[in-house]
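Trainee: got a sequence here, can you model it:
(one chain, ligands or ions: 1)
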Amino acid sequence: MLSHQQLISQIKQKKSFLCVGLDTDINKIPAFLRDHEDPIFEFNKRIIDATADLCVAYKPNSAFYEAYGIKGLQSLINTCNYLPKDTLNIIDAKRGDIGNTSDKYARTFFDKASSGMDFDAITVTPYMGNDSVTPYLAYEGKWVIILALTSSVGSKDFQYLDTNDGHLYEAVIKKANTWAGADRLMFVVGATKSTEFTNIRQYAPDNFLLVPGVGAQGGSLEEVCKYGMNKDCGLLVNASRSIIYASNGEDFAEAARAEALKLQQQMAEELEKAGVI
Ligand SMILES: O=c1ccn([C@@H]2O[C@H](COP(=O)(O)O)[C@@H](O)[C@H]2O)c(=O)[nH]1
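Mentor: This is a model prediction of the structure:
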């Protein structure tokens, strides 16, 4: 489990704010792995071994595991337990419900004695408000990552609606920041929305932003850094498909490493340009 300060230290040490997304699809992994007892875990294990020195976070997306029932859940548990201790390990579950139900989701992903999993952070939908989010915050040291402005085209349907406190996504960030500090709360902001980052930094100056959308979705790392980086970096930029499916041959882990390295090198340049390192 990494604190705010430990995360910043890892970023400076590794010169990276890369989050590797483990959206592992059994139909996309190399055929030679399919004979393994747990092919999804075997794939993840090799991706993790190949990228751990280049990234500061991993983000399995729970949908890719839940889709396979008990076997998928076991792959997720195995993956969770294999993730390095010096990375921030995020479960992208996008949960949120009434308090007693959120409490069970929190137990699922945060309480190893109960479920076998102890992720450091979870993505949460804010739509049901404070009582749907506080059960996750009850777990000391764990992070809650609130969906604010998503990378999806559909973000315009609700997130840009006007409220008496700005667009809905702006109202979400302002309100959520009254529930906990920047040492416990992050926000999801899509790389495809890079022009909004300057605005967001006005009311989320210190929060880390989890930024999906670089790579397969075409977001620009340079623009995200230009508008979204704060004095400590304040960004975790996720790439999933562009890294883990860089090759589906025997060389898939080396190819994933090469893609991660490209991003890490760009990130090191951006950190130097911004004076973070
Ligand atoms: O706004 C959002 C929120 C979450 N995601 C998730 O991030 C990854 C992106 O994967 P890529 O392959 O790098 O496109 C995936 O798990 C999404 O569910 C997002 O894309 N946008």
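
Trainee: now the strands for the stretch 151-277 of the chain?
Mentor: Assigned by DSSP state E, counting those that start in this stretch, the strands in the stretch 151-277 of the chain fall at 162-163, 166-167, 185-189, 208-211, 235-239.

Trainee: neighbouring contacts of the first one?
Mentor: If you take CB atoms under 8 Å, 6 or more residues apart in numbering as the criterion, strand 162-163 is touched by 168, 170-171. Glycine gets a C-beta too; all of them are placed from N, C-alpha and C.

Trainee: now intersect those with the helices, please.
Mentor: 168, 170-171 (DSSP state H).

Trainee: of these - the most surrounded one?
Mentor: Most neighbours among those, by other CB atoms under 10 Å: E170, with 22 neighbours.

Trainee: what sits closest to it if chain neighbours are left out?
Mentor: In this structure, E170 finds its nearest non-sequential neighbour in Y203, 7.0 Å apart by CB to CB, 6 or more residues apart in numbering.

Trainee: do N199 as well
Mentor: E170 (7.5 Å).

Trainee: get me the contact residues on the stretch 101-250 of the chain for the ligand.
Mentor: When proximity is defined as CB under 6 Å from any ligand atom, the stretch 101-250 of the chain approaches the ligand at 150-152, 188, 190, 212-213, 215-217, 238-242.

Trainee: about what we covered before: any chance of the strands of the stretch 151-277 of the chain in JSON lines, with mean neighbour count too?
Mentor: JSON lines is the format used below for the strands of the stretch 151-277 of the chain (neighbours: other CB atoms under 10 Å):
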{"stretch": "strand 162-163", "mean neighbour count": "11"}
{"stretch": "strand 166-167", "mean neighbour count": "16"}
{"stretch": "strand 185-189", "mean neighbour count": "25"}
{"stretch": "strand 208-211", "mean neighbour count": "27"}
{"stretch": "strand 235-239", "mean neighbour count": "27"}
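
Trainee: in TSV: the ones you listed, plus mean pLDDT.
Mentor: Below are the strands of the stretch 151-277 of the chain laid out as TSV (pLDDT from 0 to 100):
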stretch	mean pLDDT
strand 162-163	98
strand 166-167	96
strand 185-189	98
strand 208-211	98
strand 235-239	98
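
Trainee: can I get the ones you listed in JSON lines including distance to C225?
Mentor: Converted to JSON lines, the strands of the stretch 151-277 of the chain look like this (distance: least, CB to CB, whole Å):
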{"stretch": "strand 162-163", "distance to C225": "29"}
{"stretch": "strand 166-167", "distance to C225": "23"}
{"stretch": "strand 185-189", "distance to C225": "13"}
{"stretch": "strand 208-211", "distance to C225": "10"}
{"stretch": "strand 235-239", "distance to C225": "7"}
